[in-house]
Structure formats: structure tokens, C-alpha cells
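Colleague: A structural model of the following input is requested.
(2 chains)
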Amino acid sequence: MIDHADNATEERPPLGAELRVALNLIPAHTWYANPSGALTFVNERGSDYLGLPKDHPLRFGINTAAGGDSLISFLHPADQEETSTVWSTCLHIGGVGQMSFRVRSAEGEYCWFLSSVEPVRASDGTLLYWIGINLKIEDPMQAESSLSDGDRLATPPLSQLMYGDLKESKARLEEAQRVAHVGYWVWNLDTDRVTWSDETYRIFGLRPQESPIDLATVREMIHPEDRESVFRTAEEAIRNGVRPDSEHRLILPSGEVRTVHSLGAVKRDASGRAYEMFGTVQDITDRKRTEEALQRTQFYLSEGQRLAHMGSWAFNAAGHYWSDELYKIYGLDPNNGAPTVEQYLALVHPQDRASIAETIKRMLEEHCGFDQIERIVRPDGQLRYVRAVAVPVVEQGVFKGFVGTTMDVTEQELLTQELRREKAYLAEAQSLTHIGSWAANFHTRQNFHLSDEVYRLHGFEPNQGPLALERFWDTLHPEDEPIVRATLENAIRTRTDYDIREFRVCRPDGSVRFLRTIGHHNRTGELGEYVGITMDITERKRAEEERERLRQLEADLAHINRVNMMGELAAALAHEIKQPIAASITSASACLRWLARDPPDLERARSAATRIERHGNRAADVMNRLRSFYKKGTPPEREMLKVADIVQEITVLLRKETVRYAITIHSNIDADLPDILADRVQLQQVFMNLMLNAIEAMKLNGGELTISSRLNSEGQVIVSISDTGVGLPMESTEKIFEAFQTTKPQGTGMGLAITRSILESHGGRVWATRNQDAGATFHFTLPVEAEAQA
Amino acid sequence: MKSEGLPTVFIVDDDSDMREAITDLVESAGLRAESFATGEEFLGKQRPSNPSCLVLDVRLPEMSGLDFQRQLADTNIQIPIIFITAHGDIPMSVRALKSGAVEFLTKPFRDQDLLDAIH
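Modeller: Below you'll find the predicted structure:
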């Protein structure tokens, strides 16, 4: 603001101290000149720039009687002639002027300035003096653009020369203020009224106005959080003479918050009483925002590094830079600076040290980057895994150094190791149990996972690389392939699980293995997507076969034992029966002889006949003992039995014989058949005898053995065992059930007799019929439970 | 009925029915018969010097008939032996006959066969 002193006297200079202070506060070069154009005053900024001595009269506004062109001498030689022309024209016509030129600084450098000058006249129109202001600008183009379009259009042929009144000049000054975002303010401490420049109004978000505003209004516009400190600074300035200098926020009427930098100076009267404070205010919001944005970016970067456990570094001609996070990763103190290569290697785990040293050596010699995981031991003894990446920086073909990142990957590495270990355990377990796991889509023929053991099960080497599903399929035994295919296709179609309990594969080395595979349909997945296991059941199957063979042998032995026992029993019986029969024949002979005497000795004959009777009874007793062998010899343990179960047991026991003689067994047991109460072992013996008989009859040509069972009209269970063998040779089918009747060379003839005996002891009966076509059928009945108990 | 001059048939058989039946048969043929359950009993009996013979069961509870035959030979007792058995076989009968047996009959035997052998 330029104070227009209407009542200023002609003896105005030298300038009053207070005005000088005010002028010195303006962040621009301000100067005064007498009506003839000689400089009379240059403010502090201007004097410092020009390098005027501290005691130079111009600093104090003392008329030095310098020449009218004293101003021109400070300018760049190229600008002097033009400026001189403009200046002398201004002096000649007494009008306002504006132009740009370069001014030499104390250091001898030239800077561009936009200069405005205007005359100050007394009320009678007499020119009192000139006042000028020089604003530093970047270059003339900026000076051009700082003028409005209208100004430039109005520029006359003598381009830099311009005419106008004071008001126009003031507008231009305001324009310059606006460009610099600097406003002025004057605070009258007596009235607490504040006068603002137009730019100050704009900075506060208000329309410029002429009349001063109330301090309270200004106070309201300062951000509440900053208000106290701003006024405290002002009070201290008034009290101590300290220049108020504060950075604070404003709240504009629009609600927008702006940050300003405010500088001030206190004016005092002769008694030292402060009566006015004068200052500038500059909007630094944008600069502040840029600063904050930069700080924020740096914060985000360092925070990002901290969160990612990642540090960065650079290594070039300028030195070795480490980010804060990098120091943290290595547990080092940032104050000690980045470590040397030797210091760094000391941090590396001894087992990794040699290879890292080699890597660094190659990096420095060959300018190549690297990416590797290494172990470090922090100064506190902690072991960490870090992944270090280095990239060479090459600018326009010239190697400039390295940049890199280092990430703490301890957790990931431990997890990876854990996974690797678990995978190894799983593979070991699979290898031990010969169970492989897999996941595949049979529809699209993709495999997602095939464990090493699956490869081995099919005879492939897992290390030979991945194989297509077809290769596995090709190992299927040709006889088993159709059933495996059918099972799989059915499962895929119905989206169900499957279990192929046994199939063979032919390994590439020619060996044949038995496998079992179980697949679970992945219900959340696609059609044909299955996960499952495949296991080698060859050993188990062989063990089962061996067990079955032993069991069969046992059964055969039991069978032979039974036959032997029957033989011995028969031999014993034969002797037992022979004695009484021999005795009775001898007694009969004697009897006949006594009767043949003359006269017959009836007494002795009767006595002999009595003995015959006794011998006969004795023989009968022996036979009875055979029957009672089952009745009381071993007390039968009767239990509820299912005919079907017994048939099944005996069928299993006789499997070997039926296979050997190509005999097929058909079981046709009525499902609703009631249980029967019988001694299990004896009933087994009945089935064994009858079925063995049937097998015996079909030994030569094979045939079919049919066992059927139903309930007859009398409510009894009737079982029929039918063969297609040689048939019954006897004339009477009844005779075969008698003891010692046999058609077999090795038979004892007791089998059917014992069978009948057992069945009769259970309240049943047995008979045989000839078949229409071939062979014979043996039938027997057994009462159902209720009847047996009755 | 019984007289001192009659030839005596000695019978050794552990089966009492058989013993009785043979005794009766021999007596019905008009001969004297004396029966024993074991060989020991027979040896303990004072034997007459008149003609006699021994009907011996092969299977005896304590000593088999064949062993008894050897024992008789060892003790110089000269008496014709007729073997009877319920389950004789050829090797056994050959051995018995070689050792001096008169006859080897299988039970049941025809009455005449025994009586012929005795005579």
C-alpha cells in the first residue's frame, strides 16, 4: 500500500523512520525518486540486492543529489537504452510507467524485474516525487503474461511506454500481489481496525473493499486451533519487539481451509508506544499441500516397507543407501550407516556366507543382478531368512550402480519348509503303504494331482516327468479294462463314488499287480471330477489266497479225519458184531446136534436155543449202540439255524472239490424259510455227506449240484440235494441208507447210515429219488422250531 | 456122560458166549470139553495124558494166542492147537500153521469144520 500524503510538504525526504520500516517489510524492491528522476530511497530488500553498503544514504532516504539516470546504472547494459527512453518520457510528461528489465545484483548476476513507477503530486498538482516498485520475475514472458490482455493490446508502438493515472497503476500493483499470492495488512492497535490490500481480501476469501474491517472479524476467520498462537505471537511482538512470524490456517467463508504465512512489524511513536502493526500475508496452502503430499508419499513408502518386511537399498557412485526398514530387518542401527561388504558378510549365516560372497563378487565384477534367499544371523542372535534381489542400473548404456530390495521371508520360508517336510512324510507314508493319491477329471481327461506312489503302482518312475492319464490307462490288464471302464463311466454319469475292489495292471516291466482304487466324486466340482486313492493289494491278495488254501487244507483234513473215524468205527463195530454172530452160529450148530441125537437131548437143545437168543440180542445191542452214539454219546447242542447259512458254509468248504471236478453249485433257498432248531455240527455233517455223495457221483464228467429248500405242506423244512451224476445203482433206493452199503471202493458205507441216524434224531427223515434226466436227488425233512421243541 | 478115557478138548477164549457155544458144540459131538478164559488158567490146570487138543482164540486180553502157542512150545507141552479168530488174515494164519497149528478157523465157522479139525 502506498500512502498518499495529500498534505505532504515539499521537504518530504528524508523519509520518516516508520514509513521506512513499513517499506522495508514489503517483499519487493521499493524506491523513491525526486521529480528530476534521481533516486532518493531504496528499501532494505532492494538495497541488499544491489549490495549497497549498510550506511548508504539511499537506505535512509537522504537526498544524494544523484543524477536523473542514477537508476539506469544498475541495469543490464542491453536494457539501459530502452529503459532510459521510457524513464525520460515518464519524467517529461509526468505519467505512470511500467516495463521489465534486468537488474545487477551485488554478486554481479542479473535478474528480471517488473517495474512500475508513478508520480506523487501535491493538491495543487505540483509533482512532489516518484515512487516505484520492482517485482522479481522469472523472465520477460512471465512479465508479459502478468499483464492483462487489454494492457498488452493497449501497448502503443513505443511498447514499454505506458500512460495511466494512479488508479491504473495501483491496479497493476494489486495484480502483481495476486500473482505472488502476497497481501498486505495494517492493524491499527488503537482502534483495532484492520486495513487490507485486495489480495489479502482474496486470500481470506472475501471481495476486496475500501473500508477497514474489525479485528474481531479477522480473529473469527483464523482457524480455532491456531487463533491463540497467532495472537500470542502478536502480543509478544508488541511487548518484546520480536518480529511476528507465524504459519497458520484460515477458514474461508466457503468453509475451505487455507494455510498462510504471515510476517509483520510493529510501529511505535516517539515514546516507544506501539500504535500500529504492519505486515504481509502469503497463501502457502499449495506449497504446504505439496510438502504434505511428499511427506505422505515418503510415509507410505516407509510404512509399506515396514508392513511388507521389505527394505530397499541403492549402491552407486554417490554411496550406499539403506532404507529404515532394511536396517530393522538386519537388526542394525541406522545411525551407523549402511554396512560394508565385509560387515554384511559377517551377518550372513556361516553356511551361506561363501556363496553370498561369491554372488557379491560376481555382482560387482560383472555388473549382474541376483535374486536369492539367504540366512542371516542378526546381532541379537536371531536367525532370519531374507530374499535379496539386486538389479543393475544402466542409463544410456552406462552402468550406474545397483538398486535392490530385501524382504524378510522367514515366515514364508519356514512354512515352505514345513510344507516340504509334510509332503515328504506323506510321500514316505504312501510309499510304505503302497497307497497313492490322485485327483483328476476323467471327463476332460485332465489330472490335477498324481502322487509319486501312483506312478510306482503303475510301474512308472516318478522322476521321469509327468505322464498323461492315458499312459496309466494303458497299463490296465486287457481282461479287466472293460469292467474298470464300465464302472468309471457309470460313476461319472451318475455322479457317484466308486470302489473298484480288484483289478490288474501290467507294468511296463511285465509284472502283474492287483490294485484297488476308490474314487470320490467332487460334488462341488465339474462333471467327472474325482479325488481318490489307489492301493496295491497284491500282497494282501496273495496272503488271502494262502489263508484260503490253508483253510481248505484244514477242511480237507477234517474231512479225511471224519472218514477215517468212520472207518475205525466200522472196524470196531465189525468185531463187536462178529463175536455174538459167531457164537450164535456155533450154538445153533450145537442145538441142531442135540436135536439130531437119538433120542434128541431136548434139554441141551433148549439150553443152546436160549443161548442163541442171548447172542442175537447181544448183536442187536451193538447195533443199537451205533444209533445211540448220536442220541447220548455227545449231547447235541441245539440252536436256531438258517439252512442258507449251513449251505453257504459247506459250499465254501467244498469249493476246492467242486472246482477240481468242474461242478457248479446252485443254491435255491426260499428266503422266507423259518429257522430250524438243530445241532450245528451234526447238520453240517448231513450236508457234507449228501453234497460229497453228489460230487462223488459227478467226478468223471462234472455237472451241476442244486440245493433247494422250501416249506412242505406239513409245515416242515424240506431240503433237496440234486446232482447230474451217475445216478443210483441200487434197485432199492431205501437200501442205500443201510449201514455198510457202499458203491465206492474207498467208502465205508456209513455216510448215508449216519446221515439217516442224525436226521431221525432230529425228528426228520431222509430218502432218495432218481432224476428224470440224470443223477439222483436226496431229500430230507426237518421239523421247524416249534415242532422240534414240542 | 463124562468118562476118564474120553479125549478132552480144551478151549481158551475170553468171550464167554463163544466159550459156552464151543463147549456145547464139542459136547454135542460126544467129546469132553474144558474151557478157560485165559492161557494162564489153562496152564494152571492139571492136564490128563489121554489124547486131547486146544481150541485157542487168537486175540486174548493178556497174551495173544500166537505168543501163547510159542510159550507152550518153549515149555515142551505137546498139544495140537486149533486157532479161531474173528478177524484173521493170511500172514497170521501162515505163521500159526508154521508154528505147528493144526487148523486156523475164522469166526463164524461151520461146526463140522471145527469138529473135523478136532478129530
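Colleague: all the strands of chain B, in order from the start?
Modeller: Assigned by DSSP state E, chain B shows strands spanning B:8-12, B:32-36, B:52-57, B:81-85, B:103-106.
Colleague: any idea which of these gets closest to residue A:618?
Modeller: For residue A:618, the closest of those is strand B:52-57, at 16.9 Å, according to CB to CB. The way it works is simple: take the backbone N, C-alpha and C, and place the C-beta from them, glycine included.
Colleague: is chain A within reach of that closest one?
Modeller: No. Interface with chain A: strand B:52-57 contributes nothing (CB under 8 Å from any CB of the partner chain), its closest point being 10.0 Å away.
Colleague: adding mean neighbour count, write the strands of chain B out as CSV.
Modeller: Shown next, in CSV, are the strands of chain B (neighbours: other CB atoms under 10 Å in any protein chain shown):
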stretch, mean neighbour count
strand B:8-12, 22
strand B:32-36, 19
strand B:52-57, 24
strand B:81-85, 24
strand B:103-106, 19
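Colleague: quick one: the helices in the stretch 201-350 of chain A?
Modeller: Here the stretch 201-350 of chain A has its helices, by DSSP state H, counting those that start in this stretch, at A:215-221, A:224-240, A:285-308, A:324-330, A:341-347, A:350-366.
Colleague: so how far is the second one from its chain's centroid?
Modeller: Chain-centre distance of helix A:224-240: 58 Å, with CA atoms, centre = their mean, to the nearest Å.
Colleague: contact partners of it?
Modeller: A:189, A:219, A:222, A:242-246, A:248-249, A:262, A:264, A:266, A:274, A:277 (CB atoms under 8 Å, 6 or more residues apart in numbering or on different chains).
Colleague: can I have the buried ones of those residues as a PyMOL selection?
Modeller: Entered in PyMOL, the line below selects the buried ones among the contacts of helix A:224-240, by 16 or more other CB atoms under 10 Å in any protein chain shown:
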select buried, chain A and resi 189+222+244+246+248+249+262+264+266+277
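Colleague: now, which of the contacts of helix A:224-240 sits nearest chain B?
Modeller: Distance to chain B, by CB to the nearest CB, is smallest for residue A:249 among the contacts of helix A:224-240, at 136.6 Å.
Colleague: the closest one: what's its closest spatial neighbour, skipping adjacent residues?
Modeller: Nearest residue to residue A:249, sequence neighbours excluded (CB to CB, 6 or more residues apart in numbering or on different chains): residue A:223, at 3.6 Å.
Colleague: distance check, that neighbour against residue A:199.
Modeller: Shown here: residue A:223 relative to residue A:199, a distance of 20 Å by CB to CB, to the nearest Å.
Colleague: tell me where the chain is predicted with low confidence.
Modeller: You didn't say which chain, so I picked chain A. Where chain A drops to pLDDT under 70, the residues are A:1-16, A:18, A:63-69, A:138-180, A:553-573, A:625-636, A:729-735, A:738-750, A:785-790.
Colleague: let's do chain B instead
Modeller: Within chain B, the ranges that satisfy pLDDT under 70 run B:1-5, B:47-50, B:61-62, B:87-89.
Colleague: let's see it at 90
Modeller: Applying pLDDT under 90 to chain B flags residues B:1-8, B:13-17, B:29-32, B:37-119.
Colleague: residues from it in reach of chain A?
Modeller: Proximity of chain B to chain A, by CB under 8 Å from any CB, involves residues B:15, B:17-18, B:20-22, B:24-25, B:27-29, B:86-87, B:107-111, B:114.
Colleague: coming back round to it: so which of the strands of chain B gets nearest residue A:719?
Modeller: Nearest of the strands of chain B to residue A:719, taken as CB to CB: strand B:103-106 at 43.3 Å.
Colleague: neighbouring contacts of that closest one?
Modeller: By CB under 8 Å, 6+ apart, strand B:103-106 touches B:82, B:83, B:84, B:85, B:86, B:88, B:93, B:96, B:97, B:113, B:114, B:117.
Colleague: can we see that at 10 Å?
Modeller: Among residues not part of strand B:103-106, those counted as contacts by CB atoms under 10 Å, 6 or more residues apart in numbering or on different chains are A:578, A:582, B:53, B:55, B:58, B:80-90, B:92-97, B:109, B:113-114, B:116-118.
Colleague: which of the three states applies to residue A:407?
Modeller: Secondary structure for residue A:407, judged by DSSP: H, G, I helix; E, B strand; the rest coil, is strand.
Colleague: okay, and the beta partners of it?
Modeller: residue A:310, residue A:387 (DSSP bridges).
Colleague: contact partners for it?
Modeller: Going by CB under 10 Å, 6+ apart, residue A:407 touches A:305, A:308-312, A:325-326, A:329, A:373, A:385-389.
Colleague: longest helix in chain B, please.
Modeller: Ranked by residue count, the top helix of chain B under DSSP state H comes out as helix B:16-28.
Colleague: output the contacting helices and strands for the helix or strand containing residue A:419.
Modeller: Assigning secondary structure by DSSP states H and E places residue A:419 in helix A:410-433. In terms of contacts (3 or more CB pairs under 10 Å, 6 or more residues apart in numbering or on different chains; DSSP states H and E), helix A:410-433 is packed against strand A:370-377, strand A:383-395, strand A:435-441, helix A:452-457, strand A:529-536.
Colleague: ok, 6 Å please
Modeller: Judged by 3 or more CB pairs under 6 Å, 6 or more residues apart in numbering or on different chains; DSSP states H and E, helix A:410-433 is in contact with strand A:383-395, helix A:452-457.
Colleague: indicate the residue of the stretch 251-400 of chain A located nearest to chain B.
Modeller: Closest point on the stretch 251-400 of chain A to chain B, by CB to the nearest CB, is residue A:351, at 92.9 Å.
Colleague: show me what the closest residue to that residue other than its chain neighbours is bridged to.
Modeller: Closest residue in space to residue A:351, ignoring its immediate chain neighbours: residue A:375 at 7.1 Å, by CB to CB, 6+ apart. The residues listed as beta-bridge partners of residue A:375 by DSSP bridges are residue A:385.
Colleague: how far away is the closest residue in space to residue B:33 that isn't next to it in sequence from residue A:593?
Modeller: Closest residue to residue B:33 apart from its sequence neighbours, by CB to CB, 6+ apart: residue B:26 at 3.9 Å. From residue B:26 across to residue A:593, the span is 10 Å (CB to CB).
Colleague: compare the two (neighbour count), which wins?
Modeller: Each of residue B:26 and residue A:593 has its neighbours counted (other CB atoms under 10 Å in any protein chain shown); residue B:26 has more, 26 against 22.
Colleague: could you give the number of residues near residue A:398?
Modeller: Applying other CB under 10 Å, we find 7 residues neighbouring residue A:398.
Colleague: against residue A:361, how distant is it?
Modeller: As judged by CB to CB, residue A:398 and residue A:361 stand 22 Å apart.
Colleague: then stretch A:234-252 to PDB, C-alphas only?
Modeller: Provided in PDB are the C-alpha atoms of stretch A:234-252 (Å, rounded to 0.1, in the frame of the first residue of the first chain):
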ATOM      1  CA  ALA A 234       1.400 -10.600  18.000                       C
ATOM      2  CA  GLU A 235       1.300  -9.800  21.700                       C
ATOM      3  CA  GLU A 236       4.900 -10.900  22.100                       C
ATOM      4  CA  ALA A 237       5.900  -8.700  19.100                       C
ATOM      5  CA  ILE A 238       4.300  -5.700  20.700                       C
ATOM      6  CA  ARG A 239       5.800  -6.400  24.100                       C
ATOM      7  CA  ASN A 240       9.300  -7.500  23.100                       C
ATOM      8  CA  GLY A 241       9.700  -6.100  19.600                       C
ATOM      9  CA  VAL A 242      10.200  -9.500  18.100                       C
ATOM     10  CA  ARG A 243       9.000  -9.700  14.500                       C
ATOM     11  CA  PRO A 244       5.800 -11.600  14.400                       C
ATOM     12  CA  ASP A 245       6.200 -14.600  12.000                       C
ATOM     13  CA  SER A 246       3.600 -17.300  12.000                       C
ATOM     14  CA  GLU A 247       2.200 -20.000   9.800                       C
ATOM     15  CA  HIS A 248      -1.500 -20.700  10.500                       C
ATOM     16  CA  ARG A 249      -4.700 -21.700   8.900                       C
ATOM     17  CA  LEU A 250      -7.700 -19.700   7.900                       C
ATOM     18  CA  ILE A 251     -11.300 -20.800   7.500                       C
ATOM     19  CA  LEU A 252     -12.800 -19.100   4.400                       C
END
